[in-house]
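[1] kindly generate the corresponding structure for this input.
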Amino acid sequence: MSASDKQVGCALDMPTGRGQVRDPLEALIAGGIPIRTLLGHHLCSIDWLAARLDQKFRLCYYGEDGEVVTEAVSAVSLLTRGKELGWRPLEDEPTELGWPELFEDTTHHERGGVHWYSTAVSDTDGMLPLGLPKSVIEADRRASEARAKKAQARLKREKQAEARKAAAEAKAVAQRNIERVTKSQQREAAKAGKPISVATARRRARAWIRQWEKDVATVMKRFTDSQEGNHGQ
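    Residues are numbered from 1 along each chain as shown. This is a model prediction of the structure:
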């Protein structure tokens, strides 16, 4: 089904009482919503609202003194009341899951058959309307904290696993280097007519690598110091 088909088909026809069928959009207009207000919203969202004329809606926002205000409205008055509160129509056309998102400034939350549109929301993952019972918000807060702890524990495990992997790779590289230098030490000793054992060659290899690492660190420090000196000029 195309997006246009969904927009046309998402509104439900309503009987008028005389066997005729009335478009729910007409009910919105008959309820006093200005055409200009309707045109400010996406058709799919208007159709979604028109199909829910018999459902409950509540607004939740901060009053002039910072108090949380909860206001019951009808589907017909939702858009006009939202406009009075300064809520802007949603700008980008939503996907089907976003049809209930009527305003740019609010969150939509459905609970117990009630559609909440809120700017006063909790700081939990659910961003719940603050007009809901405190027990509901606290339950969501506990759930949010539990999810955060699990995420932190998972991140810690991932970092530890990455550290172990990096350490193992570094150890493997170091071992390969020791083996290469060990063989090199044995070849050089054999060429000089003074063969040495594997244990002696490995001991010399480790010493040679430690000195090489110190030399590299010294060169890198000199380079870094010179670069910092150049920037300071």
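[2] where does the spatially most central residue of the chain land in three-state SS?
    Ranked by distance to the mean C-alpha position of the chain (C-alpha atoms, centre = their mean), the top residue is residue 125 at 10.5 Å. Under the three-state scheme (DSSP: H, G, I helix; E, B strand; the rest coil), residue 125 adopts coil.
[3] show me the contacts for it.
    Each residue near residue 125 by C-beta atoms under 8 Å, 6 or more residues apart in numbering is listed here: 140, 143, 144, 147. Using the backbone N, CA and C atoms, a C-beta is placed for each residue, glycine as well.
[4] touching, the first one and residue 129? I think so.
    No. Under the criterion of C-beta atoms under 8 Å, residue 140 lies out of contact with residue 129, with a separation of 11.0 Å.
[5] and the two? which has more neighbours close in?
    Taking neighbours as other C-beta atoms under 10 Å, residue 140 and residue 129 compare with residue 129 leading, 27 against 17.
[6] what pLDDT is listed against that one?
    Per-residue pLDDT puts residue 129 at 94.
[7] run through the helices of this structure in chain order.
    Secondary structure of the chain by DSSP state H: the helices cover 3-9, 24-30, 35-39, 43-50, 75-84, 134-191, 198-232.
[8] buried deepest among these, which one?
    Counting by mean count of other C-beta atoms under 10 Å, helix 43-50 has the highest mean neighbour count of the helices of the chain, with a mean of 22.
[9] what's that one packed up against?
    If you count contacts as 3 or more C-beta pairs under 8 Å, 6 or more residues apart in numbering; DSSP states H and E, helix 43-50 packs onto helix 3-9, helix 24-30, helix 75-84.
[10] mind listing what the closest residue to residue 141 other than its chain neighbours touches?
    Ranked by C-beta to C-beta, 6 or more residues apart in numbering and with sequence neighbours excluded, the top spatial neighbour of residue 141 is residue 124, at 4.9 Å. For residue 124, the contact set (C-beta under 8 Å, 6+ apart) comprises 137, 140, 141, 143, 144.
[11] least confident of the helices and strands packed on helix 43-50, on average?
    Of all the helices and strands packed on helix 43-50, helix 3-9 has the smallest average pLDDT, which comes to a mean of 34.
[12] which non-adjacent residue is nearest residue 117?
    Closest to residue 117 by C-beta to C-beta, 6+ apart is residue 106, at 4.5 Å.
[13] quick one: stretch 180-187 to chain centroid distance?
    Remark: stretch 180-187 is offset 54 Å from the chain centroid, using C-alpha atoms, centre = their mean, to the nearest Å.
[14] what's it in contact with?
    For stretch 180-187, contacts defined as C-beta under 8 Å, 6+ apart pick out 195, 196, 198, 200, 201, 202, 204, 205, 208, 209.
[15] tell me who's in contact with the fifth one.
    The one in question is residue 201. Taking C-beta under 8 Å, 6+ apart, one finds 182, 183, 185, 186, 189 in contact with residue 201.
[16] for these, could you give me a markdown table that also reports pLDDT and distance to residue 36?
    Below are the contacts of residue 201 laid out as a markdown table (pLDDT from 0 to 100; distance: C-beta to C-beta, whole Å):
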| residue | pLDDT | distance to residue 36 |
| --- | --- | --- |
| 182 | 92 | 85 |
| 183 | 92 | 85 |
| 185 | 89 | 88 |
| 186 | 90 | 91 |
| 189 | 90 | 94 |
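[17] convert the C-alpha atoms of stretch 213-230 to PDB, please.
    C-alpha atoms of stretch 213-230 as PDB (Å, rounded to 0.1, in the frame of the first residue of the first chain):
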ATOM      1  CA  GLU A 213      62.200   0.200  22.600                       C
ATOM      2  CA  LYS A 214      64.100   2.700  24.700                       C
ATOM      3  CA  ASP A 215      65.900   4.100  21.600                       C
ATOM      4  CA  VAL A 216      62.500   4.500  19.800                       C
ATOM      5  CA  ALA A 217      61.000   6.200  22.900                       C
ATOM      6  CA  THR A 218      63.900   8.600  23.100                       C
ATOM      7  CA  VAL A 219      63.600   9.500  19.400                       C
ATOM      8  CA  MET A 220      59.900  10.000  19.700                       C
ATOM      9  CA  LYS A 221      60.300  12.300  22.700                       C
ATOM     10  CA  ARG A 222      62.900  14.400  20.900                       C
ATOM     11  CA  PHE A 223      60.500  14.700  18.000                       C
ATOM     12  CA  THR A 224      57.600  15.700  20.200                       C
ATOM     13  CA  ASP A 225      59.700  18.200  22.100                       C
ATOM     14  CA  SER A 226      60.900  19.800  18.800                       C
ATOM     15  CA  GLN A 227      57.300  20.000  17.500                       C
ATOM     16  CA  GLU A 228      56.100  21.700  20.700                       C
ATOM     17  CA  GLY A 229      59.000  24.100  20.400                       C
ATOM     18  CA  ASN A 230      58.100  25.000  16.900                       C
END
